[in-house]
Every structure is written in structure tokens, then in C-alpha cells.
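Colleague: The following block contains a protein sequence and its predicted model.
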Amino acid sequence: MTRLPQIAMLSDGRRLHLQDGPIDLIIEARGPAHDVQVAYEAAARRLTGLLDELCAELPELRAAARERTSLRSVVARRMHAAVAPYASDCFITPMAAVAGSVAEEILGAMLDAASLDRVYVNNGGDIALHLGRGEHFSVGLIDRPDGDGVMRTLRVDANDPIRGIATSGRHGRSFSLGIADAVTVLAATASRADAAATIIANAVDLPGHPGIIRQPANELQPDSDLGSRLVTRNVSQLSRKDIAAALESGAECARQLFDRGLIEGAVLRLCGDMIVVGTKDIREQRSRPLALENAVGA
Amino acid sequence: MVMETTSAATDKIRCDACPVMCYIKPGAAGACDRYANHDGKLVRVDPHVILERTVSHGGKLVPFSRTEDWDGKIVHEPSTFVTAIGAGTTYPDYKPAPFIVSAEVDGVDMVTVVTEGIFSYCGIKVKIDTDRYLGPETATVRAQGEAVGHVTTSEYGSQMLSLGGVHHLTGGSKKEGRVTCDTLMDLANCKAVELTIDGGATVVVQAGRPPVVNGVKEERMRVGCGSATIGMFAKQWQGKVDEVVVVDDHITGVLSEHQAGKLLDIPDSGIKMKGRRSTPGRYFQVADPGTGWGGTNISDPLAILGPFDAKEAKPGLTMLMVSTTGEHSSYYVLDEALKPVETEMPADLKFSVERIQENCEPALCTVLFMAGAGGSLRAGVTDNPVRLTRSVKDALTRVTSGGAPVYVWPGGGITYMVDVTQMPSGAFGYVPTPALVAPIEFTMKLSDYAALGGHMDYVKPLSEVQNGDDVRQLPWQNPIPGPRP
């Protein structure tokens, strides 16, 4: 008997929650009611057994990606394709794109089954989007609840080349080799965004800085795909110069990926400072450090 | 290194909850964050509740049962909530993602605004379950010699301290501010802190643990005041002893005079109490406060008695004296001269003393963090933050602190209290101002968020905000790392 994922509607009655092992999806589709229902059923059906497909090829997915691959399943091959552009320059495994690739797969299954106006599949922060003609998503970047000055929004329109958003950083569920609090990437697909976010977050770093505590990944998770590579555990108070240097290092990486056409934009955050790299729309809101007012205004 | 790895390997377990088959170290969770290794056993943890925390507070760990199968049915999601320490996010966005995809105005996506508030207007209320005298009301409470707060109004069976606040954090010397900040942070992070009270006791306070007063660990809360104890146990004493005195710093009770004794027709014993008589059988101020019997300063309970009245008292009359916690007790028989002589306590009276002990709850220190998040965030904001306040008051916006439920005070601002033991460990940090950094999450519907200020599509350039003279820039505090990345 095939193990079924956990399938539930969230309390708003509109969003679908699917979970199987480490895969955790929040999905919302908009369109004719019948199509939404059919699409949700298709999502649940596609997720059933998907984890087993991936696990069947887990050893290779956890190994450093090479140019060519013998991976077979469609999601595994998508993971590989997403990380392949980086394989010659650095260590990366297809696992760096697992969340985005799964989101993309589920989105694809939904779109094959039904006609929908607008869909997002959010796999723990790695998000695959569908936008029908004339549709758009409002993407909000919010740091503080009560200050409009520190919030940005970005509109993703149907004619933008963006269908994937992913975030990586040292606070997430996966380990990071860098020190970024969060790097959010916009890209053509969720799997590409996922891989690029990992790469850029790793590049936000201050090699050799004494305030950064690192530990071999496999001491923390014995079967981590990162092996004995040092992952960031803690970052002490950094000087503004350090923060700027680390962010710049990440931003330079992001600019290169942008120039290579691998991403459409990125927002890098470290210790309250932020750098934005990307398309005209995002660049209009240039890099500005965030203000955090002291509670007593001292 | 090799040795270490080998020995550690024996404790690792292979999770078979899903085909990923994670190899999990003790104290760690698998890739899903749902199954964890607790002392070599595979357990299911609520999503993203930090394992160490869960274990240390003894709850919410459900052993993984291999027989449980998903029925695959579409059911309503149980209300789980993901903590947000270190600028994480809350349900349903499991990963720190500053970008949240949101449907537009008609959308019902939850927008979760995660921030780590910097609070100078914050403090800690400590409830210490003890009747022992800790110090006079309003007395200064010190840590490392610095004033960090004061003794405030006592509560039933408990002494209360009010610590921190803007006065101690920023109003005094630099050292006072630093020590206050450290004290608050340690208490909030469930660490033990030694406090001394001017004209009173030294007490070691740790959230969720018994207080240690002058080096003595408090075991239990009193069952009630002396009078209440008489009321509760009168029937059990009837026919077994002629007189009972329940010694209490607040109200000492005397069985034969008490209403409860009268109802049971317990005859007068000729006892004469010191202290100020209130209603029958209830005495105030039988002694000074202290750390002896029933929160008084006495070690010999007979010190609170005058000579027995020869008209009523008879030789051979028996008397039990007991404190409100049952911790102290003695049994007396009047001799020919009507003087109480301590004697071995009969078994059935010992039983009643044990019953008092049993009815006392364990004495604990409880620590509530309290802070105001309302008007404190005015960084050049042109829009009025009162809308957020109203939204909270109207229960449209849910406030949590590190995922823990909070009590929001009525009235102005968003002043909230949270039980620190409900929060994940290491939830609190500080900035050198000094001020505390605490997680606070506002969760609301997107449409409600838009209604708060209606600027989902409007962004005010931050540069305008930054250049204001009244704005002080602080680096975003490094998020406090949890036990797991």
C-alpha cells in the first residue's frame, strides 16, 4: 500500500496543505471552483509516492553534481538541471534545489489537470507560481508590522519572466555555508530560484572571521549532503564594515548569476542590512539599510 | 575524533517514518523537523517546536507509533504554530522568507510579520510561591549589588517581584542598566538568578523551578492561610485532638475559637493567643515575618501563646500546632501546671499533617515577561500605528511571542505578558542600549493588513525615514540561534 501524504484544507477552506516527510506544501489555486477542486486532487495525487521516487535516488542526489547525470526521475533530473550551472565552479548537490523542484512538479501536475487563473505552491518558503494572462501576485517584503517605511512590495505580473521565488539562509531548515540571514531569489522557475538562493547565501560570508562559529555538517546531521563541510552555527555581533563586506560578496555573486540569466533578482539580508540585486523593478528600491528605532529613542 | 564519532554513532537512530530514512543524532530532529531522537527513541514532535525545549518542559512529545497510518482524508488542520525566534516565520510559512506570496485585497493568505522587538519598556514579573518573608513591600531588589527592581504587592501564597523597566534599564548608572538587562535576559531565558532584597532575604529565582530562599529550597505552597486550613481540616481533627493552632504569618487559625470549630461543638480550650484578634479564631501578627514557622520568624511555636486560662484548660488537654504547609508541626499535652509539653504525635494526627503537606502545591517561581510594543516604533512612520493596536484589540491580529500565547493588556498600546517557559529556549537577546530583544509576531489576514494601513502597493522610501534626527539606527540584532539551525 502506498503511504499517503497528509492532506488537509487549512481553516480558511481555500488553501490546501500537503505534507509527506520533509515535504510541506501550502497551495492556493484560483480559478473556476471545479477546476480548483480537480487541481487540488491532482496535487495530492502527484505528491503521493513522490518522496519515494526521490529517495530511490537519494545517494546520487546527495553527491556533488556533475555536468552529466544518470538520475532518472523527472524531479531528480529537474534538481540536477537547476544546480548544474554551478557544478563546475563549486560544490553543490542536487539537494540544493529539492524544495523548489518539488513545488514546480506539484504546480505542473495541477496545471495539467485543470485550467487555473493563478496558483502558488509554497514548499516551506520555496515557491512555484503560475500566472494566467493578466494575472499578478503581490509579493510583500515586511520587516516590521507597523512601519510602512520598511516594507517593500514587488508585483510579479504574468508577463514577467518570474515563476519561482526561494529563500535560503542560515536560519532555515537546511544548513548554510554562509552567514546571510536570508537571501530571497526571484527566478524563472522555483527550482532555479532554490539553487541560486543556496549559492548566493553561501557567498554572503566572511571567511576566517573569528566571530563566526562553524561546525562540520555531518556532526549535526550524520547523513547531510554537505559531508564534513563547515556550516554556520552562530554569528557574533559584526561591525558595519563586516556586514557590508559580507553582503557585497554575496551581491557580487548575485550580479554574476543575473548576468548569466540564471536569476531575475535577489534580496540579501544580513544583520538588518539589505542589498537588492536585480531587475529594474526591484532596483528602483535601491539598497538601503533598515532602520530599527530604539524603543526609548535614546 | 574517531573515537568520538564511534561512540556517538551508537546513539544515532535511523528514522523510518518516511523513505528519507534520516540518521538522527540524539537531541536532533530529522530533515522534516517532525521526528526526533530523544534519548535514543524516535519521537514525534509538533512541527518546529524545538525538541530540547519540549523535553525540558516535559510535554508535547508523542512517541512515534509505527502503526499509525494516514487515512489520507481531508481534515481540518490542527492549529499548529511555528515559532519565530531569529526572524523565522510563523505558520504557514515554515522557513524564514521575507517575501510572502500573497493574494491581493481579497486574499486570505496569512501575512505573518515577524520581528524581534527591541524593548526598553519591558520588565519581568516574578511570582515566588512562598510564605517566607522576602522583604518589605517596595524594598529594592538587587542583582550583583545593583538595583534591578522592587518587591511588589504579595499575592495569595506568593511573594511578587517587579523587575526591570525603563527606570532601571536606562535611568540609572551604566552598570545598573547592564546588570538589569542581564538579569532580565537570564530570567526570561529560564536561567537561575540570585536576587537580594534590601532588608530581606536572598532568593534564587528560576522560571519553573522552586525558589531558594536564604539557601533553603522552598518545597510547597501553603494549602491556605491559617484560618482557611482550620476550615478545611476541622472535621478531620474532631475527636482526635482538643486544640489546633495553624501558624501563619498572615492569619493564624485556632480551632476551638474558629467558626468551623464552633460548628463542630469543639469546646473552649482556654488557649490565649498573642497577636491581634480578627474575627473569632483568626489572629493577625502573631509574630514578625521571617523564614520560620508559617512564614513567621519563630522557631518555637509556643512563643505565640500566652498562658492557658485555668478556668477553661485542664491538665491532659492535647494540642496540635502546625504551619500552613505542614512543614512544621508539634504535638503538646498540658501538664498539671497547664504548661504545654511536647510529646510524640499520635499517628492519626501525623496523618493530618501529611494531608496538609499533600494538599500544598509545589512551590515554583514563575516568570512573566512584560513589554509594550505599541507606541515604541515610530521610526519616521507617517501612518498612525494605533491601527495595529486596534487590530490587536479587535482580535483580528493575533500577537504571539516566540510562538507562545500572550495576554494583551486592555487600554492603549500593545502591552503584553508572556510566560517565558512557553517560549523556545534562548528566545531573548539584548542590545547594548541596554534593552531587551524579544520575538513578537503579528499574524493577520492580508486584507486586514491592508486595512491597517492600506499600503500593500505603496512603499515609502526608507531614505526619508532614515535621515530624521530622532531616529537612532541599531544593527539588526543577530537572531538568537536555537539549538538547531
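Modeller: Received it, and whenever you're ready, just let me know what you need.

Colleague: quick one, helices of the stretch 101-250 of chain A?
Modeller: Assigned by DSSP state H, counting those that start in this stretch, the stretch 101-250 of chain A shows helices spanning A:190-203, A:217-220, A:240-259.

Colleague: can you list the domains in chain B?
Modeller: B:2-63, B:118-211+B:364-466, B:226-358 (automatic domain parsing).

Colleague: can you list these in a markdown table and add mean neighbour count?
Modeller: Just so you know, the C-beta spots here come from the backbone N, C-alpha and C atoms, and that holds for glycine as well. Shown next, in a markdown table, are the domains of chain B (neighbours: other CB atoms under 10 Å in any protein chain shown):
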| stretch | mean neighbour count |
| --- | --- |
| domain B:2-63 | 17 |
| domain B:118-211+B:364-466 | 20 |
| domain B:226-358 | 19 |
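
Colleague: Dump those domains to TSV, plus distance to A:L116 and mean pLDDT.
Modeller: Shown next, in TSV, are those (distance: least, CB to CB, whole Å; pLDDT from 0 to 100):
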stretch	distance to A:L116	mean pLDDT
domain B:2-63	28	59
domain B:118-211+B:364-466	20	77
domain B:226-358	64	92
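
Colleague: With distance to chain A as extra columns, can I get those in TSV?
Modeller: Shown next, in TSV, are these (distance: least, CB to the nearest CB, whole Å):
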stretch	distance to chain A
domain B:2-63	3
domain B:118-211+B:364-466	4
domain B:226-358	37
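
Colleague: quick one on the thing from earlier: and among the helices of the stretch 101-250 of chain A, the most buried is which?
Modeller: Most buried of the helices of the stretch 101-250 of chain A, by mean neighbour count (mean count of other CB atoms under 10 Å in any protein chain shown): helix A:190-203, with a mean of 32.

Colleague: Next one: the closest residue to chain B within the stretch 151-298 of chain A, what pLDDT does it get?
Modeller: In the stretch 151-298 of chain A, the residue that lies nearest chain B is A:G272 (2.3 Å; CB to the nearest CB). A:G272 carries a pLDDT value of 74.

Colleague: mind checking the SS state of the residue lying closest to B:P26 once chain neighbours are set aside?
Modeller: Distances taken as CB to CB, 6 or more residues apart in numbering or on different chains place B:D11 nearest to B:P26, at 4.7 Å, with adjacent residues excluded. Put simply, B:D11 is coil when judged by DSSP: H, G, I helix; E, B strand; the rest coil.

Colleague: Please apply the same query to B:V353.
Modeller: Going by three-state DSSP: B:V353 is helix.

Colleague: Now do the same contact list for it.
Modeller: B:L320, B:V322, B:G326, B:S329, B:M345 (CB atoms under 8 Å, 6 or more residues apart in numbering or on different chains).

Colleague: With B:P340 instead?
Modeller: With CB under 8 Å, 6+ apart, B:P340 has these contacts: B:L302, B:L305, B:F308, B:M319, B:Y332, B:V333, B:L334.

Colleague: Try it again at 7 Å.
Modeller: Listed by CB atoms under 7 Å, 6 or more residues apart in numbering or on different chains, the contact partners of B:P340 are B:L302, B:M319, B:Y332, B:L334.

Colleague: what does B:W409 give?
Modeller: B:T415, B:Y416.

Colleague: same check, this time on B:S323
Modeller: The contact partners of B:S323, by CB under 7 Å, 6+ apart, come to B:V247, B:W293, B:G294.

Colleague: which non-adjacent residue is nearest it?
Modeller: B:G294 (3.9 Å).

Colleague: Just want the residue of the stretch 101-250 of chain A that's nearest chain B.
Modeller: Closest point on the stretch 101-250 of chain A to chain B, by CB to the nearest CB, is A:G125, at 3.2 Å.

Colleague: So what's the residue count around that residue?
Modeller: 30 (other CB atoms under 10 Å in any protein chain shown).

Colleague: among the contacts of B:S323, which are in strands?
Modeller: B:V247 (DSSP state E).

Colleague: Tabulate the contacts of B:S323 in CSV, adding columns for distance to B:F284.
Modeller: Converted to CSV, these look like this (distance: CB to CB, whole Å):
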residue, distance to B:F284
B:V247, 13
B:W293, 16
B:G294, 13
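
Colleague: May I have the phi/psi pair for the residue nearest to B:S299 when sequence neighbours are not counted?
Modeller: Using CB to CB, 6+ apart and skipping the chain neighbours, the partner closest in space to B:S299 is B:G292 (5.0 Å). Backbone torsions for B:G292, taken as degrees, to the nearest 10, come to phi -90, psi -140.

Colleague: next one: B:D265
Modeller: Here B:D265 shows phi and psi, under degrees, to the nearest 10, equal to phi 60, psi 40.

Colleague: Over to A:S88?
Modeller: According to degrees, to the nearest 10, A:S88 has phi -80, psi -20.

Colleague: what's around it, how many residues?
Modeller: 9.

Colleague: How about it: what's its closest non-neighbour residue?
Modeller: Nearest one to A:S88, counting by CB to CB, 6+ apart, is A:E67 at 7.1 Å.

Colleague: Then B:E218?
Modeller: Per CB to CB, 6+ apart, closest to B:E218 is B:A363, 4.1 Å.

Colleague: who are the neighbours in contact with that neighbour?
Modeller: Here B:A363 is in contact with B:D129, B:T130, B:P210, B:P211, B:E218, B:E219, B:R220, B:M221 (CB under 7 Å, 6+ apart).

Colleague: cutoff 10 Å now
Modeller: B:128-132, B:157-158, B:209-211, B:213, B:217-222, B:325 (CB atoms under 10 Å, 6 or more residues apart in numbering or on different chains).

Colleague: again, but for A:L247
Modeller: A:179-180, A:183, A:203-204, A:268-271, A:273-275, A:287, A:289.

Colleague: Tell me where the stretch 51-200 of chain A has strands.
Modeller: A:118-123, A:126-131, A:136-142, A:151-157, A:164-168, A:182-187 (DSSP state E, counting those that start in this stretch).

Colleague: Kindly report the same for the stretch 301-450 of chain B.
Modeller: Using DSSP E, counting those that start in this stretch, strands in the stretch 301-450 of chain B cover B:318-323, B:329-334, B:340-342, B:365-372, B:398-401, B:404-405, B:407-408, B:415-419, B:429-431, B:435-445.

Colleague: Same check on the stretch 51-200 of chain B?
Modeller: Going by DSSP E, counting those that start in this stretch, the stretch 51-200 of chain B shows strands at B:62-63, B:75-76, B:99-102, B:110-119, B:122-128, B:140-143, B:146-155, B:158-164, B:193-197.

Colleague: What is the longest helix of chain B by residue count?
Modeller: Ranked by residue count and defined by DSSP state H, the top helix of chain B is helix B:174-188.

Colleague: Isn't B:D309 up against B:S256?
Modeller: No - taking CB atoms under 10 Å as the definition, B:D309 is not a contact partner of B:S256, at 11.4 Å.

Colleague: Now for those two: what residues contact both?
Modeller: In contact with both B:D309 and B:S256: B:D268, B:S269, B:G270, B:I271, using CB under 10 Å, 6+ apart.
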